[in-house]
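Enquirer: Got a sequence here, can you model it:
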Amino acid sequence: FAFQISPCHRSCTTQQHHRKNYQLKITSQPQVIEDTEVKIPTIPRNLLFGNFQHRLPKLSPDGKYLAYLGTDPNDKSCYYIYVQSLFELNGASDYADNDDQPLSVAKIGSPDEIIRNFFWAGDSQTILYYVNSGGQPGDENYHLWAVNVFDGVRFYRDLTPGDNVKVQDVFLNPWKSSEIMVAINARDSSLFDMYDATCLQANLYWTIAWGVDPRTFQVQRSIIRNQTDDSTTILMRDVTSDGQFGEWRELYHYPYGELGNFMGMGIDGRSCWITSSCGRDTKALLKLDLETKETSTICEDPRCDIGEIILDPEADYVSMVSYEYEERELHFFNSNLENYNNLVRQGPVEKVSEVYVVGQNRDNSIWVVSYEPSNSPPIYALYYAKQQRIKRLFCAQPGLLQYPISPMQSVSIKARDGLPLVAYLSRPFQTKVSLQDTKVPAPLVLLVHGGPWEERDWYGFNPLANFLTNRGYAVLQVNFRGSSGYGKAFSHKGDGEWGVGSMQHDLTDSVAWCVENGIADKNNIAIFGTSYGGYAALSGLVFTPELYKCGIAIAAPSDVKSMIENVPTYWGPLRNTILRRVGPVNEDEEFNRKISPFYHLEKMKAPLLLVQGSNDVRVPQFDTDRMVAALREKKKDVEYVVYPDEGHSILKLSNRADFFERIELFLEKHLSS
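Expert: The predicted structure follows:
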């Protein structure tokens, strides 16, 4: 048998856009062929890490307009909000036929703003959006802004003004489009009160989230964190039709260690939907009677927590839920399965699991759909449910469609104590194929997710993994113990296990698995992460110095006690929970020194690329500066990059361009490819 490289074409957003999926094809040829060199084109960094051409398409409630984040053809340095008439869309051919922006009703924003997200108000005329303002760039003090799309002279309003003010919950009145409620920390920086024009409800009980009665548009729910035992309770009060309040009462209680949340009110007003792990290991969907507090289990999976939950907006039942143990699995409860099958038949994917409904209009007759295979950027479409037809919109980054992107595969790895770990492996295309060759070990980048709680790695398109595989590196992403999504037992197996414990051992064991299975070259391993992932990268370099040839750490805590002492004040209600999970670093100096990389820098042997934002409110720059000074004093190989106008994430396009160029050069220098 001879191996050949064969390009496989498939339709994408238009007939003009095709991708060459390079596949190994076995043909029956008895003769030996000579080695074949295959040229894999280099994907430009700006296509993977620049601003995507289209993001977050959202329908107006009346279904007449589509808004999305997009770049200006003449200035791709920032996102604007574009608004397009659906009448114009339906009367024209697919405007994905070219890379130019369609003519739009409105273009909202300015080059000085980084718009993170937006949504329509109920009047289908006003757009609300989040911008980091009222402080330093990257300090996470997001304000809520509003603008009427159809004003001749647009008036941009900051609805949450003030220095060092952050907006959290936002609620829109579905019956009165001009009414809005927000939770902000203007009165006390550590607590979020609910406001409309005035302060409606002060935060008196360590509330971490609020809820509003959709019928009366009054504050109805409060989720509180007990500061003594770290349990969580959903409080509720009755609201009459004339706006009178009853007393706050306990609706549902989660002891420390349990998982769950409030999901929505029932149509009848006498029941609600919640998720909970109480009485089981994984998070399930329950229906709760508001009067008796009795619950009934709707669906659960013993392998993993419930994921997406779609409630039918006009009936009191669940339409669809998802689970993701390895890859996304959908479970349907009504005729929605046929809609999803239509979306697959008419779309560019082959599996229902690659279809996401990301929005609808008010009457649910038009859906915004995102097609998301693991080897392609998202492709967006509209779906007209009654007519059962789609209208293709655009690809998030059409320039990527001409390049081969390595697919991702899910794998299962056993840790040293036998605990199964779900991980995702992306491997580079081979550039040399012959009769004797199979997949050869490649340099490996262990990519560690942040968090670590409420975070996990997912199966799907990942620009960073795609970049690394395109440059010749294999990439492994591991859901180590402590990651979310796999039940409370798996999550809490990471408690007290930072740095020198089993959380780090899981990463070490996963590297060993790659070496044993011929995936990774044992002499060419890098560890790379952001936030907790950056901490894990530092820990890997100092606690297992022989394992890694180099490391990249972004926004990386080096002294755990110092990090917790300097978290933002609005993390106050969560501080005790953090200490329970990390360990007693505030009281036990020996324990803190044991797990903090700063106190073990003399053990580090491999080169380190370290990245810090000056305005990071989670990992203070003075800690990182102190670590770099100590590394240089010990003559360690460290490259330190500080971005003065960034926080915990690198957001500005110019900084991202510099950042990823440095990553590429660093890996070229220190990791053979």
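Enquirer: Check what pLDDT residue 435 gets.
Expert: Here the pLDDT value assigned to residue 435 is 43.
Enquirer: Return the distance of the closest residue to residue 498 other than its chain neighbours relative to residue 628.
Expert: The shortest distance from residue 498 to any non-neighbouring residue, by C-beta to C-beta, 6 or more residues apart in numbering, is to residue 595 (4.8 Å). Where C-beta positions appear, they are placed from N, C-alpha and C, glycine not excepted. According to C-beta to C-beta, to the nearest Å, residue 595 stands 20 Å off from residue 628.
Enquirer: Among the two, which residue is more densely surrounded?
Expert: The neighbour comparison of residue 595 against residue 628 (other C-beta atoms under 10 Å) goes to residue 595, with 25 against 20.
Enquirer: on that earlier part again, I'd guessed the residue nearest to residue 498 sits against residue 589; true?
Expert: No - in this structure residue 595 lies outside contact range of residue 589 using C-beta atoms under 8 Å: 11.5 Å.
Enquirer: Tell me the secondary structure at residue 601.
Expert: Secondary structure, DSSP: H, G, I helix; E, B strand; the rest coil: residue 601 is helix.
Enquirer: what about it, neighbour count?
Expert: Using other C-beta under 10 Å, residue 601 is surrounded by 20 other residues.
Enquirer: Give me the most central residue, the chain.
Expert: Most central in the chain under C-alpha atoms, centre = their mean is residue 455, positioned 8.1 Å from the mean C-alpha point.
Enquirer: Could I get the full set of strands for the stretch 501-650 of the chain?
Expert: 520-530, 550-554, 608-613, 638-643 (DSSP state E, counting those that start in this stretch).
Enquirer: Let's have the ones you listed in TSV, adding mean pLDDT, mean neighbour count and distance to residue 359.
Expert: Output for these, formatted as TSV (pLDDT from 0 to 100; neighbours: other C-beta atoms under 10 Å; distance: least, C-beta to C-beta, whole Å):
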stretch	mean pLDDT	mean neighbour count	distance to residue 359
strand 520-530	97	23	28
strand 550-554	98	26	31
strand 608-613	98	25	31
strand 638-643	98	17	33
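Enquirer: want to throw these into TSV with distance to residue 539?
Expert: TSV is the format used below for those (distance: least, C-beta to C-beta, whole Å):
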stretch	distance to residue 539
strand 520-530	9
strand 550-554	10
strand 608-613	12
strand 638-643	16
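Enquirer: Go through the ones you listed and name the closest to residue 428.
Expert: Closest to residue 428 of the strands of the stretch 501-650 of the chain, according to C-beta to C-beta: strand 520-530, at 11.6 Å.
Enquirer: Just checking: what are the partner strands of that closest one?
Expert: Each strand paired with strand 520-530, and its direction, by DSSP bridges: strand 442-448 (parallel), strand 550-554 (parallel).
Enquirer: Output these in a markdown table, with distance to residue 126 appended to each entry.
Expert: Supplementary listing: the strands paired with strand 520-530 in a markdown table, determined by distance: least, C-beta to C-beta, whole Å:
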| stretch | distance to residue 126 |
| --- | --- |
| strand 442-448 | 40 |
| strand 550-554 | 37 |
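Enquirer: pLDDT of stretch 381-391, averaged?
Expert: 92.
Enquirer: Next, the buried residues of that stretch.
Expert: 381-383, 390-391 (16 or more other C-beta atoms under 10 Å).
Enquirer: With stretch 231-243 instead?
Expert: Buried residues in stretch 231-243, counted by 16+ other C-beta under 10 Å: 231-237, 239.
Enquirer: and of those, the nearest to residue 48?
Expert: For the buried residues of stretch 231-243, the nearest to residue 48 is residue 232 (38.7 Å; C-beta to C-beta).
Enquirer: Find me the pLDDT at the residue nearest to that closest one when sequence neighbours are not counted, would you?
Expert: Of all residues not flanking residue 232 in the chain, residue 254 sits nearest, at 4.4 Å (C-beta to C-beta, 6+ apart). Looking at residue 254, its pLDDT is 97.
Enquirer: hmm, back to that, just checking, the residue nearest to the centre of the chain is part of a helix?
Expert: No - looking at residue 455 with three-state DSSP, it is coil, so not inside a helix.
Enquirer: I'd like the numbering to begin with 573 instead of 1 from here.
Expert: New numbering, starting at 573: the last item is residue 1027.
Enquirer: Would you check that it makes contact with residue 1021?
Expert: Yes - using C-beta under 8 Å, residue 1027 makes contact with residue 1021 at a distance of 5.3 Å.
Enquirer: who touches both of the two?
Expert: 1055, 1104 (C-beta atoms under 8 Å, 6 or more residues apart in numbering).
Enquirer: Based on its surroundings, how many neighbours for residue 1114?
Expert: Neighbours around residue 1114, by other C-beta under 10 Å: 24.
Enquirer: which residue packs closest to it, ignoring adjacent ones?
Expert: With C-beta to C-beta, 6+ apart, the residue lying closest to residue 1114 is residue 1172, at 4.2 Å.
Enquirer: what's in contact with stretch 1236-1245?
Expert: Outside stretch 1236-1245, the residues touching it (C-beta under 8 Å, 6+ apart) are 617, 1014-1015, 1017, 1040, 1043-1045, 1093, 1096, 1098, 1121-1122, 1124, 1178-1179, 1181, 1211.
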